[in-house]
Every structure is written in C-alpha cells, then in structure tokens.
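Peer 1: Sequence plus the predicted model coming up.
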Amino acid sequence: MASETNHKFLSKPLTVGIVGAAFSGGQPRGGVEQGPARLVEFGLIDQLKGLGWNVDFDEKFPTYEDFKPQTENKHKILKNVGHVASVTKSVAESVQKVVEKGHLALTLGGDHSLAMGTVGGSAAVHKDVGVIWVDAHADINTPLTTDTGNLHGCPVSFLMGLEGTKEVTELDWLKPCLAANRIVYIGLRDVDAPEKKILKDNKIKAFSMHDVDKHGIGKIVEMALEYLGRDKPIHLSFDVDALDPSVAPATGTPVRGGLTFREGHYICEALYETGNLVAVDIMEVNPMLGEQSYVLQTIQIGCSLARTAMGESLL
C-alpha cells in the first residue's frame, strides 16, 4: 500500500487517470511512441492498484496518425508543428478531464513536446500549479533560438508564451499558462546558450547537476518546494534523461553526469509526501534504443518512478 499522506487536491477514493500518449513527433528518433505500451506491459497498472489506487484507464494508446495534417505549414525551422499542435491539444483535454475529477493525471510518453498538453491541461484547472521539471535539458528554446526545430526542445517556451511563440498559429489553442515563477528545473546539464540567457533574463529557478552535487538532492527539493509554495498544486514532469545514462540508457538524448537512481526516486518520494501532486509525466522512454537489457532497465525505471510518485516507499 502507498504510504499515507494528506492529498490536498485529490478526491477520495484515490484515483489515477492514465493518459497513454504514444507520440514521437516532437523529435526525430522513432520508438519513443512505444514507451507507454511497454510501461503498461511491464505491469504498471497492477502495480498502482497494489498501492491502493483506483485506476481509470481505457487501455488505448492512440497512435495520433489521424491527427497528422495532410500538409504542414512551412515554418523557418520548426518541424511537425501541425501534428504536434493537434496531439498536444488532445492530450491537454484528456489531462484536464482527469484533473477536474480530482484524480491524479499520470501521462505516459512519448516525447517531451507532450508537456505542452499535460501542463496546459493541469493549468486549466489549477491556475497556480507549480511545475517541477526534471530533465537534463531546459526545453525552453523558442522558435527564434532552436537549432534543430524539434519541438520537444521547446515546450516550456510555448507554455510561457515567450518571444516568437505567438507567430506559430497552429498552437493558438495553447494560451500562456505558466509564469516564470511557477516552474523549477532539477537536473539540468545540457543547456543551449540561448536557453541560459532565457533562464537568466526571466529569473527562472533552475538547479543544475552542479547544484545537486553541491547541496544534495534533499536540499534541492526543499528549496524547490519553498519557492513554489507548500500549499500549491504540483505538476511533476519527469524526462528519464534527467537520470544518468547508466541508470536510464534507453532514451533519445542521454547526457552523462545525471541523477542517480536514488536521487531520481527521492524527488518523486518527496513530492508525494507533500500531498500536493495533481499530475505526473513520465517521458522519453524509448524501447527502440539500445540492447534489450538496457531497454528493460529503462522501462523498469519508468514504472518505479511512477510508483514512487504515487506513494511506494522503502519502508
């Protein structure tokens, strides 16, 4: 059973609504769309039920092929904008429905462009939601700064409505819903130069791996919670590439020097203990990358992060 905590924003009986977001269009590497199904195949649903949660899940993983426009409008560099826009809008609607019921929204990705939908959905219900973004990357490039045009590197800029985002009319459905003081990053270590400037100019709270090494993960999480407010709803968006590649190797953009197994799980444990979680994303598990042992290891990690964010404890 899950450890006891006072859930401030969830109704009883505790229910998790699972959104299976089998989508890879925000980045170029195939396979990440298989992540949700593989997490479920590994037994995640029964694991969550074993923790005492009711699970609302239709066991469907839409491929989102029907969401692909016949022709994509030309943007200077951005790729698959129409497809990403229609998919993230659908995901936002799904997450919003879950959160409106007082259920915890657990989104299984899929690439991290989906967070435009997941955070958009939770923010539609909780205007003051605080986002804890656990990632090796800041994902805050704008249409004006991105070198690759891959939208999984841009979701935060669209959530905040930064310069250049309004011109991307396909994403008009997503109104700015995340203020600069409502997000905290943990685990950063591969941040583009323009992103560093954006973080500094907007005074965004960001803890790099240097900060984790210096202060320890316990202190980092304490500072994050103090900053966002201890009585505010929390959305945890966890990209598994925040973890060191030795821990979670099967992911599209691994970066050495990441969070340890325990550091990643401590974040989830500590956020569960607050009783403030309203939404959790597990993103960028890619079963097509690496040896099968590495794939299985990463799937196991994805499941254990979800379980820990929902109350699994060591004692």
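Peer 2: Alright, I've got the coordinates.
Peer 1: Could you use CA atoms for every contact and neighbour count after this?
Peer 2: OK.
Peer 1: Check this protein for its longest helix and report it.
Peer 2: helix 81-100 (DSSP state H).
Peer 1: Using CSV, list the CA coordinates for the next helix or strand after that helix.
Peer 2: Following helix 81-100 in sequence order, the next helix or strand is strand 104-109 (DSSP states H and E). Presented in CSV, the C-alpha positions along strand 104-109 are these (Å, rounded to 0.1, in the frame of the first residue of the first chain):
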residue,chain,number,x,y,z
LEU,A,104,-4.2,12.3,-10.4
ALA,A,105,-3.3,12.6,-14.1
LEU,A,106,-0.4,10.2,-15.0
THR,A,107,0.7,10.8,-18.6
LEU,A,108,3.0,8.1,-20.1
GLY,A,109,5.0,9.5,-23.0
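Peer 1: hang on, isn't residue 163 packed against residue 142?
Peer 2: Yes - here residue 163 lies in contact with residue 142, judged by C-alpha atoms under 8 Å, at a distance of 6.9 Å.
Peer 1: one step back: and the longest helix of the chain with strand 104-109, angle?
Peer 2: Here helix 81-100 points in a direction 160 degrees away from that of strand 104-109 (axes from the mean of the first three to the mean of the last three C-alpha atoms, to 10 degrees).
Peer 1: residues in contact with helix 81-100?
Peer 2: If you take C-alpha atoms under 8 Å, 6 or more residues apart in numbering as the criterion, helix 81-100 is touched by 17, 19, 21, 25-26, 64, 67-69, 72-73, 104-105, 107, 113-122, 124-125, 151, 170-171, 173-174, 278-279.
Peer 1: Next step: those residues restricted to strands.
Peer 2: Members of those lying in strands (criterion: DSSP state E): 17, 19, 21, 104, 105, 107, 278, 279.
Peer 1: mind putting the residues you listed in a markdown table, distance to residue 129, pLDDT and neighbour count included?
Peer 2: Formatted as a markdown table, these follow (distance: C-alpha to C-alpha, whole Å; pLDDT from 0 to 100; neighbours: other C-alpha atoms under 10 Å):
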| residue | distance to residue 129 | pLDDT | neighbour count |
| --- | --- | --- | --- |
| 17 | 18 | 99 | 23 |
| 19 | 19 | 98 | 26 |
| 21 | 21 | 96 | 29 |
| 104 | 13 | 99 | 28 |
| 105 | 13 | 99 | 29 |
| 107 | 16 | 99 | 27 |
| 278 | 9 | 99 | 29 |
| 279 | 10 | 99 | 28 |
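Peer 1: before we move on, the earlier item: show me how to select, in PyMOL, the buried members of the contacts of helix 81-100.
Peer 2: Here is the PyMOL command that picks out the buried ones among those, judged by 16 or more other C-alpha atoms under 10 Å:
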select buried, resi 17+19+21+25+26+64+68+104+105+107+113+114+115+116+117+118+119+120+121+122+124+125+151+170+171+174+278+279
